[in-house]
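A.B. asks: okay, sequence plus prediction incoming.
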Amino acid sequence: MQSSINREFLKGLWNEHPTLRLLIGMCPTLAVTTAAINGFGMGLSVIFVLVCSSVLISLLRNFIPNQVRIPCFIMVIATFTTIIDMVLAAYFPALHEVLGLFIPLIVVNCIILGRAEAYASKHSPLYAFIDALGMGLGVTWGLTFIGAIREIMGMGTVFGLPVFPETATSWIIFILPPGAFFTLGIAVGAMNHINYVIERRKRQQVSRPAAAGQAVQG
């Protein structure tokens, strides 16, 4: 059981990363990641809504009629989205102003609705929680990473702290819409390359004992 829990948690962090592997939920990824703090704040909002809605949907999975499951899922997700929207507006008004419309749009985010339909509605609350937490953390580090790269290259800061001298040249394009696509492409390409290297090393490790065995038999 422990190994299955670990597998369900870790898949969202890398192998089934929602943003950089599955390429879903692209609107907030491209729109709000002009700075690391924006991506981090959006990621935490997604974690809250995803975890809470997944657990509640899992608890109610045997009571929700199959014919109206999608509207019921949306109502549950909308409830928690409204909560996080009100919390951000009350306690983090500056961040709420930056994220703007994309907080309410969490209601129809492909990641959250997809996990509710594909996973939470078919598994126990424990596994729904683990899956949602892993996916949420994956979204958070993905958005924060993209936001940090764009902020560093476009403004010379990360989380508002300077990383380059004031005389350094900033590439403003990185904090503009084209920079979002450019940075996302680099991040996806880097992840694909890392996965390729890992798979190649695994194949080499498997082939070496086989080759050694054939040499001994020969």
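C.D. replies: Structure's in. What do you need? It should be emphasised that the depicted structure is a prediction, and the values quoted were computed from it without experimental measurement.
A.B. asks: all helices for the chain, in order.
C.D. replies: Here the chain has its helices, by DSSP state H, at 2-11, 26-31, 36-60, 69-91, 93-99, 110-118, 125-155, 177-217.
A.B. asks: could I get those helices as TSV with mean pLDDT?
C.D. replies: Output for the helices of the chain, formatted as TSV (pLDDT from 0 to 100):
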stretch	mean pLDDT
helix 2-11	88
helix 26-31	89
helix 36-60	96
helix 69-91	96
helix 93-99	91
helix 110-118	92
helix 125-155	95
helix 177-217	83
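A.B. asks: the ones you listed: which one's closest to His17?
C.D. replies: Each of the helices of the chain has some distance to His17 by Cβ to Cβ; the shortest is helix 125-155, at 4.8 Å. To be clear about C-beta, it is placed using only N, CA and C from the backbone, and glycine gets the same treatment.
A.B. asks: and the closest one, what does it pack onto?
C.D. replies: When contacts are defined as 3 or more Cβ pairs under 8 Å, 6 or more residues apart in numbering; DSSP states H and E, helix 125-155 sits against helix 2-11, helix 26-31, helix 36-60, helix 110-118, strand 157-158, helix 177-217.
A.B. asks: same for the fifth one, what does it pack against?
C.D. replies: In this case it means strand 157-158. Other elements packing on strand 157-158 under the criterion 3+ Cβ pairs under 8 Å, 6+ apart are helix 125-155.
A.B. asks: returning to what we had before: would you mind finding the most buried of the helices and strands packed on helix 125-155?
C.D. replies: helix 36-60 (a mean of 23; mean count of other Cβ atoms under 10 Å).
A.B. asks: ok now that one, how far from the chain's centre?
C.D. replies: Relative to its chain's centre, helix 36-60 lies at 10 Å (Cα atoms, centre = their mean, to the nearest Å).
A.B. asks: elements contacting it?
C.D. replies: For helix 36-60, the elements it packs on are helix 69-91, helix 93-99, helix 110-118, helix 125-155, judged by 3+ Cβ pairs under 8 Å, 6+ apart.
A.B. asks: need the helices and strands packed on helix 125-155 in CSV (columns: distance to Pro18).
C.D. replies: Below are those laid out as CSV (distance: least, Cβ to Cβ, whole Å):
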stretch, distance to Pro18
helix 2-11, 10
helix 26-31, 9
helix 36-60, 9
helix 110-118, 5
strand 157-158, 23
helix 177-217, 12
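A.B. asks: so which of the ones you listed is nearest Pro125?
C.D. replies: helix 36-60 (4.5 Å).
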